[in-house]
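Q: For reference, the sequence and a predicted model appear below.
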Amino acid sequence: MVRGMTRRATLLLAILCFSLPARVTKVVVEDRQTPAYQGRAFGSAGTYEKLTGHVFGEIDPANPLNAIITDVQLAPRNARGMVEYSATFTLFKPVDMSKASGVLIYDVPNRGNRLLLSVFQGGDPGNGFFFERGDVILASGWQADLIPHAGIETIDVPVARNADGSSITGPVLARFSNLAAGMRSVALPGATRRGFANSLRGHASLTRQASDDGAVIPIAPEEWTFADCSQTPFPGTPDPEKLCLKNGFDRAYLYELVYTAKDPLVLGIGFAATRDIVSFFRHGEEDNPVSRRIVHVVAQGTSQSGNFVKSFIHLGFNQDEDHRMVWDGANDHIAGRQVPLNIRFGVPGGAADMYEPGSEGTLWWGEYTDTARGRPASSLLARCTAARTCPKIFETFGATEFWGLRMSPGLVGTKADRDIPLPSNVRRYYFPGTTHGGGRGGFALSSRGAGGRCELADNPNPESDTMRALLDDLMAWVVKDIDPPESRYPRLATGELVPPDGRSMGFPQIPGEPLPDHLLNTFYDYDLGPEFHYADESGVIALAPPRIRQSILSIVPRTDADGNEIGGVPSVLLQAPLGTYLGWNVTAGGFSKGRGCGFAGGFIPFASTPAERAAAHDPRPSIRERYPTHDTYMAAVKAAVGRLVKERFLLRPDADRLIAEASASAIGR
């Protein structure tokens, strides 16, 4: 039993095994730190403890709720006809559960990493944002292609096989670009972290090209092999999960490998495992360390794990096998797509690169008919609406999600001709002028150049302050039914969304600085073959690379005369700006030179003085013209802080901290 454990359990000396009747069949606590954090007390919640271990479970492939899992019918079964899995978990809880808030926050891992405490609490334990409240935090593994190592959450799922026991094979595409000069060996992306390896050498081809529309140049079979050449010269040490090129890779080229893979993992089990693990910690009574103390569950996912939140709800996993709601609330943060998890040979760690799936499925919360791609009306909420298990949802994102992650269709559809209304259980909040996940914050002038892979300096415009307030608002909505602030995001109806070019956006021409034209990550409509279920982002990809049917029109937020975006929930820094804060940047070199620089937003600082501005022919007023004195700047900061606090987009402690930081700055002095 949990209460009988030593204060510091170890894997070898004190392993707890909880035998459970169904679905989650066993919980093994392998390490328990109690109290954690040197006994630090967190407000009225007191001390916390941290439990880590494994959850063992099984799913019924005959249950209609599981039938949507790709290849689940081809997975091996135990004597009870069930498909088994095991996943790691980490649980943070008050030592005295009578002091808990009753809220369990499910931290959806991003590529195995727990982000919740670092993003919202400033670390582990950080400022105690969650712990002071008495919240329980749970994370568990869902991404089966990750190699287990300390500090990440993983899951073991079975390999699918044909009915006769033979290996399942299929085509897989891997693309490599902007590699380090002289690199001779590279790991096959995604698929090789654990699971399917390449099949026969003769069923593969390697090409290179100098531009997306340039000539495709075949590379002779004797010039490359599946091997590790990092320590041994070509042909290296045979390795089915690495590609070795005899004369090394040239970073000016894109390399494209098509090969036949075998033995796909049943990756979609990650959805069912998450459902059942959360349901156990919420409802399970026997040997549950938080038994009968959880009243509400809120899920939070960031970027890739935010995509997981969307797909989890869309595919119907927010009801457990007893038809109970799993998550009462959910926040999908900086997530523009669905996660390509429920796909044979899927690569769920992808990032919206060319040919990567993720945007084929339904992308909108409200119902929308996708006439551009010839698909019927759909909604991310269709299944949970039918089952009456839809959570309250906060969708939060910033500028880079438009530019790099194809966010536009989720707001205005694939024709970009009308705003898709949000259902009553969804709120949407947009952070104008932010990079992916937000910048470091602060009130300091920055240099003009970045000196790295992107041409422009890093964008410091933050999201974290607003996100803490919004998570507080989401909790109040779920727990106390207090209405949150109205949605704040750019709309077509208000003229805040326009085509992605400088003229349409109203972006200023700043001498020596780039324009946003041609930097948008194009949204393509792919033909992935007849066995792919597009609306559900599920099934089997038969074409590698896929055929491009068409490009989909996308739009972006309009800007003011400074080049800063309008609409949404602007940060204090954007309301008292020190430059132009961008959701896009430009790649400085390599194959992608001159194109968008991944998910990095840029920053173009204002000139310091009128003379500097005039010399540069910069159309934007200088810092001195905007803020003649430090008091002038502080007035702008305090006004912005006051507005955000009043509108419930900024918590008082963060407001006080921001005022103190601005007061200590050199602006206007």
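A: Nice, thanks for sending it over.
Q: gap between the strand ranked longest in the chain and the chain center?
A: Across the chain, the strand with the greatest residue count (assigned by DSSP state E) is strand 46-59. Taking CA atoms, centre = their mean, to the nearest Å, one finds strand 46-59 lying 23 Å from the centre of the chain it belongs to.
Q: Could you list every helix and strand in contact with that strand?
A: Judged by 3 or more CB pairs under 8 Å, 6 or more residues apart in numbering; DSSP states H and E, the packing partners of strand 46-59 are strand 24-33, strand 83-94, helix 269-283. Bear in mind the C-beta positions are built from the backbone N, C-alpha and C, glycine included.
Q: And the strands in the stretch 1-150 of the chain, which stretches?
A: With strands called from DSSP state E, counting those that start in this stretch, the stretch 1-150 of the chain shows them at 8-9, 16-22, 24-33, 41-42, 46-59, 83-94, 103-107, 136-140.
Q: And the last one, what does it pack against?
A: Right, the one you point to is strand 136-140. strand 83-94, strand 103-107, helix 116-120, helix 269-283.
Q: Tell me which of these lies nearest to Pro340.
A: Shortest separation from Pro340 across the helices and strands packed on strand 136-140 is recorded for helix 269-283, at 11.8 Å, computed as CB to CB.
Q: Apart from its chain neighbours, what residue comes closest to the residue nearest the centre of the chain?
A: The centroid of the chain falls nearest to Ser303 when counting by CA atoms, centre = their mean (1.3 Å). Distances taken as CB to CB, 6 or more residues apart in numbering place Ile334 nearest to Ser303, at 5.1 Å, with adjacent residues excluded.
Q: And what about the closest residue to Tyr355 other than its chain neighbours, helix, strand or coil?
A: What sits nearest to Tyr355 in space, not counting adjacent residues and going by CB to CB, 6+ apart, is Pro545, at 4.9 Å. Remark: Pro545 carries the secondary structure label coil [criterion: DSSP: H, G, I helix; E, B strand; the rest coil].
Q: Same check on Leu520?
A: coil.
Q: And the helices in the stretch 501-650 of the chain?
A: 502-505, 572-575, 610-616, 623-626, 630-646 (DSSP state H, counting those that start in this stretch).
Q: could the ones you listed go into TSV alongside mean pLDDT, distance to Arg418 and mean neighbour count?
A: Output for these, formatted as TSV (pLDDT from 0 to 100; distance: least, CB to CB, whole Å; neighbours: other CB atoms under 10 Å):
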stretch	mean pLDDT	distance to Arg418	mean neighbour count
helix 502-505	98	18	16
helix 572-575	98	28	22
helix 610-616	98	41	13
helix 623-626	98	37	18
helix 630-646	98	30	17
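Q: Tell me which of those helices approaches Asp517 most closely.
A: Among the helices of the stretch 501-650 of the chain, helix 502-505 comes nearest to Asp517, with 5.6 Å by CB to CB.
Q: Show me the contact partners of the closest one.
A: Helix 502-505 is contacted from outside by Val498, Pro499, Gln509, Leu515, Pro516, Asp517, Val556, Pro557, Arg558, Thr559, using CB atoms under 8 Å, 6 or more residues apart in numbering.
Q: if we go to 7 Å?
A: Here helix 502-505 makes contact (CB atoms under 7 Å, 6 or more residues apart in numbering) with Val498, Leu515, Pro516, Asp517, Val556, Arg558, Thr559.
Q: looking at it, the fifth one is touching Pro500, isn't it?
A: Yes. Here Val556 reaches Pro500: they are 4.6 Å apart, a contact under CB atoms under 7 Å.
Q: Give me the common contacts of those two.
A: Leu520.
Q: Looking at the two, which one has more neighbours?
A: Val556 (25 against 22; other CB atoms under 10 Å).
Q: so what's that one up against?
A: With contact taken as CB under 7 Å, 6+ apart, Val556 is in contact with Phe402, Trp403, Leu497, Val498, Pro500, Met505, Leu520.
Q: and if we set it to 10 Å?
A: Residues counted as contacts of Val556 (CB atoms under 10 Å, 6 or more residues apart in numbering) are 399, 402-403, 407-408, 490, 496-501, 504-505, 516, 519-520, 565, 583-584.
Q: Who is it paired with across the strands?
A: Beta-bridge partners recorded for Val556 (DSSP bridges): Val498.
Q: What separation is there between it and Val412?
A: Applying CB to CB, to the nearest Å, the value for Val556 to Val412 is 11 Å.
Q: try Phe606
A: Counting by CB to CB, the gap from Phe606 to Val412 is 32 Å.
Q: if we can go back for a sec, present the helices of the stretch 501-650 of the chain as TSV; the columns should include distance to Pro460.
A: Output for these, formatted as TSV (distance: least, CB to CB, whole Å):
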stretch	distance to Pro460
helix 502-505	21
helix 572-575	7
helix 610-616	20
helix 623-626	15
helix 630-646	15
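Q: So which of those is nearest Ile152?
A: Of all the helices of the stretch 501-650 of the chain, helix 572-575 sits nearest to Ile152, with 32.4 Å by CB to CB.
Q: packing partners for the closest one?
A: Under the contact criterion of 3 or more CB pairs under 10 Å, 6 or more residues apart in numbering; DSSP states H and E, the helices and strands touching helix 572-575 comprise helix 464-480, strand 579-581, helix 630-646, helix 652-663.
Q: Tabulate these (TSV), appending distance to Pro570.
A: Shown next, in TSV, are those (distance: least, CB to CB, whole Å):
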stretch	distance to Pro570
helix 464-480	9
strand 579-581	9
helix 630-646	8
helix 652-663	13
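Q: Can you check which of the ones you listed gets nearest to Leu445?
A: When the helices and strands packed on helix 572-575 are compared by CB to CB, strand 579-581 sits nearest Leu445, at 7.9 Å.
Q: now Glu496: how far from Glu401?
A: As judged by CB to CB, Glu496 and Glu401 stand 15 Å apart.
Q: Give me the more crowded residue out of the two.
A: Residue environment comparison for Glu496 versus Glu401 gives the larger neighbour count to Glu401, 28 against 20, counting by other CB under 10 Å.
Q: returning to that earlier point: would you reformat the helices and strands packed on strand 46-59 as CSV and include mean pLDDT, distance to Ala469 and mean neighbour count?
A: Below are the helices and strands packed on strand 46-59 laid out as CSV (pLDDT from 0 to 100; distance: least, CB to CB, whole Å; neighbours: other CB under 10 Å):
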stretch, mean pLDDT, distance to Ala469, mean neighbour count
strand 24-33, 95, 30, 19
strand 83-94, 98, 22, 22
helix 269-283, 97, 25, 25
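Q: Dump those into JSON lines; add distance to Leu528 as well.
A: As requested, the helices and strands packed on strand 46-59 are arranged in JSON lines below (distance: least, CB to CB, whole Å):
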{"stretch": "strand 24-33", "distance to Leu528": "34"}
{"stretch": "strand 83-94", "distance to Leu528": "25"}
{"stretch": "helix 269-283", "distance to Leu528": "20"}
